[in-house]
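Novice: Sequence below, structure please.
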Amino acid sequence: MPLNYLPSPIRLPRSLSMLSPLPFIFRFDPFAILLCMMIALVAVSIKLTSIYIASNFSYSITMDTALQQFGVSSDSPGVVLLADMYNLNVNDQTLSVHWSIVGACGQAYTNASNNSCIQNSLAKSMDLYLNENATSNWNATTPIGSYDASVLQNPPAVNYIEGRSSVPSYDFDSVLPMDPFLPYTKDKQISILFYPFDQFQTYVSLLAIDPDDDSTLAIAGVVGYGTMVNWVGHNTFYANTTRDGTKYSVVLTVQRHRMVKSFVVLLILTNWILSLTILWMTILVLFKAQVDTGIILSSTAVLFALPQIRASMPDSPPFGGFIDIGGYFMNVWLVSACMSILLFSQLRYHYRPLVTMSALPLPTGPYDETAPSHFDSK
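Specialist: Sure, this is the predicted structure:
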């Protein structure tokens, strides 16, 4: 064969010749890829858990943190109290608080050589009253706790615990009701209606009395924080000077962790994404688009998944909150309506009635190919 009849070499298109090889990760075995992904996910989970615990449950309250983070002023002499909110009963509308003494500020309260704030150094005995004031008959009630200053000079052996020198020597417990003005409050945010952005508050007036001479002790500040899972607590301290003296009060506020809020919002968005997906599928079917029958039938599982997603929310509240009015109820209604339309469309398209030939006359004589047919057009 002459050389000029040889076929010319085949040249690939430029787009095919410039194709890159497979990505680096797909060159390995699927099991190795799965193992690497599991290790990465475990590392991320451990890191997030460590950050959550360190930011909420791994710090201690000292006089330094009271001055730097909780707004206690060293220029205000008096006792520094700690309010640890450790239990919230949403059904009973009560908040359990663990009170203790962080220390004191001022030379008159610490017997120090200066007016600095010193931890565990209150040199005066104290009776602590809640929701009482100095002008009322406070001595007719029982204090929630009493502090004896003699422990500073002669501390008992129980206070000497290795590694726990900063633990206060006295503590008191109290169960406080929620905002008593809730029925008259226009904006009822102190309710699970606002879940997961609900918050609970309690208002407490404080009175510290020296039992040795029945004099009123000044309160330099209150450190309030919460150690509850799913909840975080903080406080606002007030010292109002009147003609009858200085009155002290504190507002304790408890609200849900940001992690809980984010998780609930993610579940609400998941319900809406599933519902809108079913709605889009319904619109496609109504416009005669080709949608696989198996996908349509399997999408009925979304209707049963919505209640399970709603129940998986942290501290899932009873039905009737804002997340139900603007979320769950609308999701169920939308998916139910769409699924009814989809199933009806499947019955309409796949189960049409059969056309029978019994109504047409049958020929009785010999078959004639030239005879006109009943189906011929006239």
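Novice: tell me which residues in the helix or strand containing residue 48 are buried?
Specialist: For residue 48, the element it lies in under DSSP states H and E is helix 30-56. For helix 30-56, the neighbour count (16 or more other C-beta atoms under 10 Å) marks residue 56 as buried. Glycine gets a C-beta too; all of them are placed from N, C-alpha and C.
Novice: same question, stretch 97-104
Specialist: 97, 99, 100, 101, 102, 103, 104.
Novice: if we can go back for a sec, name the residues of the next helix or strand after the helix holding residue 48 that are buried.
Specialist: As assigned by DSSP H and E, the chain's next helix or strand after helix 30-56 is helix 63-68. Residues of helix 63-68 classed as buried by neighbour count (16+ other C-beta under 10 Å): 63, 66, 67.
Novice: Against residue 64, how distant is the closest residue to the first one other than its chain neighbours?
Specialist: The reference is to residue 63. Nearest non-adjacent residue to residue 63, counting by C-beta to C-beta, 6 or more residues apart in numbering: residue 119, 4.0 Å away. Separation of residue 119 from residue 64 (C-beta to C-beta, to the nearest Å) stands at 8 Å.
Novice: number of nearby residues for the closest residue to residue 212 other than its chain neighbours?
Specialist: Nearest non-adjacent residue to residue 212, counting by C-beta to C-beta, 6+ apart: residue 125, 5.8 Å away. Counted with other C-beta atoms under 10 Å, residues neighbouring residue 125 total 17.
Novice: Do you know the pLDDT at residue 125?
Specialist: For residue 125, the pLDDT comes out at 87.
Novice: which residues touch it?
Specialist: Going by C-beta atoms under 8 Å, 6 or more residues apart in numbering, residue 125 touches 146, 147, 148, 149, 150, 210, 211, 212.
Novice: Mind checking which of these are in strands?
Specialist: 146, 147, 210 (DSSP state E).
Novice: any idea how far the first one is from residue 83?
Specialist: As for residue 146, its distance to residue 83 is 17 Å (criterion: C-beta to C-beta).
Novice: Find the helix or strand that the residue most central in space within the chain is a member of.
Specialist: Closest residue to the average C-alpha location of the chain: residue 260 at 1.6 Å, with C-alpha atoms, centre = their mean. Element membership of residue 260 [criterion: DSSP H and E] is helix 258-286.
Novice: How about that helix, which residues are buried there?
Specialist: Buried residues in helix 258-286, counting neighbours by 16+ other C-beta under 10 Å, are found at 259-260, 263-264, 267-268, 271, 274-275, 278, 281-282, 285.
Novice: Burial check on the residue nearest to residue 63, number of neighbours?
Specialist: Residue 119: 19 neighbours (other C-beta under 10 Å).
Novice: again with residue 148
Specialist: 11.
Novice: Low-confidence stretches in the stretch 251-378 of the chain?
Specialist: For the stretch 251-378 of the chain, applying pLDDT under 70 flags the ranges 348-378.
Novice: Residue 104 against residue 117, yeah?
Specialist: Yes. Applying C-beta atoms under 8 Å as the test, residue 104 and residue 117 come out as touching, 7.1 Å apart.
Novice: what do these two both touch?
Specialist: With C-beta under 8 Å, 6+ apart as the test, residue 104 and residue 117 both reach 80, 110, 220.
Novice: ok, those vs residue 319, which is closest?
Specialist: If you rank those by distance to residue 319 using C-beta to C-beta, residue 80 comes first, at 44.4 Å.
Novice: My read is that that closest one contacts residue 106, right?
Specialist: No. Using C-beta under 8 Å, residue 80 is not in contact with residue 106; the gap is 10.4 Å.
Novice: more neighbours, the two?
Specialist: residue 80 (27 against 20).
Novice: How about the secondary structure of the more buried one?
Specialist: strand (DSSP: H, G, I helix; E, B strand; the rest coil).
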